[in-house]
Each structure stands twice: as structure tokens, then as C-alpha cells.
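S.K.: For reference, the sequence and a predicted model appear below.
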Amino acid sequence: MIDEAAIFLDKAQESLAGAESELANGRYNNSANRAYYACFLAAISALMQAEIRTTSGSGQWSHEFVWGRFIGELVNRRKLYPAELRDTFERVYRLRETADYRADRVTRVQASRAVTRANGLVDAVQRRR
């Protein structure tokens with residue numbers, strides 16, 4: 001049997017490693033992008049571990065669904081993850097939007113904070129395995 005939650009967690013760790021590498025090499029926009037996806041993929045893993053599945057017919061995970069269920073169900077209701085993770089998604093997502101879609105640049109400080117936040121979320125999911 002394939003452990004899909006483990007696969008998504010591996011992908012999250014790979015994205016986090018990419019975010020750290022991009023940060024170290026001064027590619028702050030790429031770092032912010034990878035930090036966000038580390039959070040997104042770790043949250044999918046956490047939802048799968050909690051036996052929450054996507055409701056999409058295609059089996060794809062929408063960003064809104066993942067955010068809403070991770071925060072609403074796993075942080076707020078079940079209290080499986082610390083409350084400080086509530087704003088991680090929004091902060092890192094907004095920074096990714098700047099990196100990917102706006103005529104503005106992510107700074108080293110912003111990217112560093114995003115990597116730190118992503119590291120906290122990925123680590124929290126890893127510890128619950």
C-alpha cells in the first residue's frame with residue numbers, strides 16, 4: 001500500500017530544502033515560492049494523516065480547501081497543531097503572491113521569515129507521524 005501522506009511530506013521537505021537553498025543563493029522570490037509550497041504540501045500530508053480527503057472529483061487539493069481544513073479542523077477544532085501555525089499560510093501565501101505575480105521583489109528578510117515559518121509547519125507535521 002502506498003503511503004500518500006509520506007509522499008506529500010517528502011515533497012514538502014524537498015520544497016523546504018529548495019527554499020533554504022534559494023535563500024542562501026540570494027534568489028528570494030524563488031525562496032518564498034518554495035516556502036509556500038512546503039507549507040501547502042505538509043498540510044496535505046497532515047490532512048491525510050487525519051483521514052481528511054479532498055472533496056474534488058479529480059482528487060486535486062485546492063489551496064482554499066487545504067488552508068481551511070488544516071486551520072479549521074487540525075489547529076482550531078482538534079488542536080493537533082499549535083495555534084501559532086494559524087497565520088503561517090496567509091503570511092507565506094501573500095509573500096508567494098508578491099514573488100510570483102506582483103511587480104515587487106521579496107527581500108532577504110521576508111524570504112528568511114517565510115523559510116522559518118515553513119520550517120515550523122513542516123517540522124510540526126513530521127513530529128506527528
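M.R.: Received the coordinates, thanks. Numbering: from 1, shown residues only.

S.K.: Now do stretch 20-34, average pLDDT.
M.R.: Average pLDDT, stretch 20-34: 98.

S.K.: Quick one: end-to-end distance for it.
M.R.: One end of stretch 20-34 to the other measures 9 Å (C-alpha to C-alpha, to the nearest Å).

S.K.: And the contacts of that stretch?
M.R.: 15-16, 18-19, 92, 95-96, 98-100, 105-108, 110-112, 114-115 (C-beta atoms under 8 Å, 6 or more residues apart in numbering). (Each C-beta comes from the backbone N, C-alpha and C, glycine too.)

S.K.: Separate out the buried members of the residues you listed.
M.R.: Buried subset of those (neighbour count, 16 or more other C-beta atoms under 10 Å): 15-16, 18-19, 92, 95-96, 98-99, 106, 110-112, 114-115.

S.K.: of all the residues you listed, which two lie farthest apart?
M.R.: Checked with C-beta to C-beta, those reach their widest spread between L16 and T98, with 19.3 Å between them.

S.K.: And for S21, the neighbour number?
M.R.: Burial of S21 is recorded as 13 neighbouring residues (other C-beta atoms under 10 Å).

S.K.: how near is it to H63?
M.R.: Noted for S21: a distance of 24 Å to H63, by C-beta to C-beta, to the nearest Å.

S.K.: Alright, that wraps it up for me.
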